[in-house]
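Trainee: model the following, please.
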Amino acid sequence: MNIGPMEDRLAIRELIETFSAGVMRIDAEYWGELWAPDGAWKLPSLPEDCVGKTNIKEMFREKLAYVDSISMIAFPADLVVDGDTAEGKAYCRELIFTKEGAQKILFGCFHDQYVRLNGRWLFRRREYEILSVH
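Mentor: Got it, this is the predicted structure:
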């Protein structure tokens with residue numbers, strides 16, 4: 001169930017869509033601007049959160065270095081907006097084509113915390129859970 005003002009929920013949905021576009025472009029700068037300065041990113045392959053926009057951008061470059069092309073589709077669910085903070089989930093499907101010619105399909109769920117800074121919604125924390133890999 002989604003709770004909160006529609007304009008905020010729409011802005012968060014657009015944030016999630018822009019995240020997917022940044023992944024598909026493999027563009028760390030574009031994608032990295034979606035994070036709060038003290039944002040945190042957690043992947044199953046990371047022992048702890050990657051914290052801070054600069055570190056997150058660098059980790060993005062590292063994690064996608066093996067990728068030739070990628071398609072990501074994501075949609076939000078269970079958004080709860082409370083003033084200038086929000087939380088929710090985003091379910092996604094990734095089609096990954098590596099530089100070596102391998103292919104991988106992932107189904108996942110992001111567990112998100114959002115913050116509005118200077119009128120703009122950003123990721124405060126984003127943790128990725130892999131639901132299935134093929």
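
Trainee: quickly find the element holding the most centrally placed residue in the chain.
Mentor: The chain has residue 19 as the residue nearest its centroid, 5.4 Å off, counting by Cα atoms, centre = their mean. In this assignment (DSSP states H and E), residue 19 forms part of helix 6-25.

Trainee: list the buried residues of that helix.
Mentor: When burial is assessed from 16 or more other Cβ atoms under 10 Å, helix 6-25 yields the following buried residues: 8-9, 11-13, 15-17, 19-20, 22-24. All C-beta spots, glycine's among them, are computed from the backbone N, C-alpha and C.

Trainee: give me the contact list for that helix.
Mentor: 2, 28, 30-32, 34, 64, 70-76, 79, 81, 86, 88, 90, 92, 94, 110, 112, 114, 116, 120-123 (Cβ atoms under 8 Å, 6 or more residues apart in numbering).

Trainee: filter these down to the ones in strands?
Mentor: 70-76, 79, 81, 86, 88, 90, 92, 94, 110, 112, 114, 116, 120-123 (DSSP state E).
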